[in-house]
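In: kindly return the folded structure for what I paste below:
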Amino acid sequence: MIPKSLRPALFKDMCSKIEATNFFLPNDFSYEETKFSNSQAGIVVKYLASPNLWFSFSLPTAYTTSKDGYSSKLVVHTISSPGELGPTQTDTVDGWEGLVVNFALWLRRAEVDLKDGALARELAKQREVIEDIVADVASKAESSEVFFTRQEIRRCSQRLDELEQKLADEISKHATSKESKEKVKEDIDLLKKEIDSLKKQLATLSKVQWLRGALARLLKWFSKQENRELVADATSVAQHLLGPGNAD
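Out: Presented below is the predicted three-dimensional model:
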């Protein structure tokens, strides 16, 4: 139910911002009356699936006049979680237009917060699976001094090349218009350097040593923002890169 103190026009504008995210829907939230510290009436918008995500704002009853007495404006106070730099954030905005803009910024923070939390959980799950794969391959090696054969080196190098191309494509795909071609090139060059390093180590490190290093690199790559869509593939990549048929 929408509180009577929440103007229909303002609620409509807020719903438009919610729908514009392509992530949330208006009925994902509750809308309740609240009180600010200055006893002003207010509204708190809560994300139903997570009590840590909320946005509250005051409902001013009069315009605030400047000290010189020549101008007045509608001052709205907001408190939201998460904040840009901390758990909560307090802002003062001008009028309902400023409020809607501030609300849209919070929606973006809330979306990122939820996705980052999901990413962290997924990475933790993938870490366990990948570590199991490494442990299985290491156990089959029987000794920390077992090295890759020439055939295994060729096969693993090919799989590393495939992974490099996949990650490079993601870097280019998710590059924003603000990012320069030089920045994208730097990221891809760094990826190529790290892949080349892994390929060179195939001939010098034992299987167990190399697998431990490869695990760290895999988790690093899949934790990057631009590789978010690839996180679900981390296990299959590890199995393809490190699994049976390559290091057995």
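In: helices of the protein, residue ranges please.
Out: Applying DSSP state H to the chain gives helices spanning 8-20, 95-141, 150-173, 181-201, 207-222, 234-242.
In: quick one: pLDDT of the residue most central in space within the chain?
Out: Nearest to the geometric centre of the chain sits Asp116, at 3.7 Å (CA atoms, centre = their mean). We have a pLDDT of 79 for Asp116.
In: same check on the one 4 residues further on?
Out: Taken from the predicted model, the pLDDT recorded for Ala120 is 70.
In: then Thr21?
Out: 92.
In: residue contacts, it?
Out: Leu107, Arg108, Glu111 (CB atoms under 8 Å, 6 or more residues apart in numbering). The way it works is simple: take the backbone N, C-alpha and C, and place the C-beta from them, glycine included.
In: most surrounded residue in those residues?
Out: Leu107 (23 neighbours; other CB atoms under 10 Å).
In: relative to Leu53, how far out is the nearest residue to that residue once chain neighbours are set aside?
Out: Distance criterion CB to CB, 6 or more residues apart in numbering; nearest residue to Leu107, sequence neighbours excluded, is Thr21 at 5.5 Å. According to CB to CB, to the nearest Å, Thr21 and Leu53 sit 13 Å apart.
In: and for Thr92?
Out: From Thr92 to Leu53 the distance is 21 Å (CB to CB).
In: these two - which one has more neighbours?
Out: Leu53 (23 against 12).
In: what pairs with the residue lying closest to the more buried one once chain neighbours are set aside across the strands?
Out: Closest residue to Leu53 apart from its sequence neighbours, by CB to CB, 6+ apart: Tyr47 at 3.9 Å. Beta-bridge pairing of Tyr47 under DSSP bridges involves Phe29.
In: residues near Tyr47, how many?
Out: 19.
In: do the one 10 residues further on as well
Out: By the measure other CB under 10 Å, the count of residues near Phe57 is 27.
In: touching, it and Gly42? I think so.
Out: Yes - counting by CB atoms under 8 Å, Phe57 does reach Gly42; the two are 5.9 Å apart.
In: overlap of the contact sets of those two?
Out: His77.
In: may I see the buried residues of stretch 180-199?
Out: Buried residues in stretch 180-199, counted by 16 or more other CB atoms under 10 Å: Val184, Asp187, Ile188, Leu191, Glu194, Ile195, Leu198, Lys199.
In: the first one and Ile171 touch, don't they?
Out: Yes - at 6.2 Å, Val184 and Ile171 qualify as touching, with contact defined as CB under 8 Å.
In: tell me how far Asn102 lies from Ile79.
Out: Counting by CB to CB, the gap from Asn102 to Ile79 is 11 Å.
In: mutual contacts of these two, please.
Out: Phe57, Asp91.
In: before we move on, the earlier item: OK, contacts around the residue nearest to Leu53?
Out: So Tyr47 contacts Phe24, Asp28, Phe29, Leu53, Trp54, Ala110 (CB under 8 Å, 6+ apart).
In: just Lys46 next, same as before
Out: Contacts of Lys46 (CB under 8 Å, 6+ apart): Phe29, Ser30, Glu32, Leu53, Trp54.
In: give me the number of residues near the nearest residue to Phe147 once chain neighbours are set aside?
Out: Of all residues not flanking Phe147 in the chain, Ser206 sits nearest, at 5.5 Å (CB to CB, 6+ apart). Neighbours of Ser206 under the rule other CB under 10 Å: 16.
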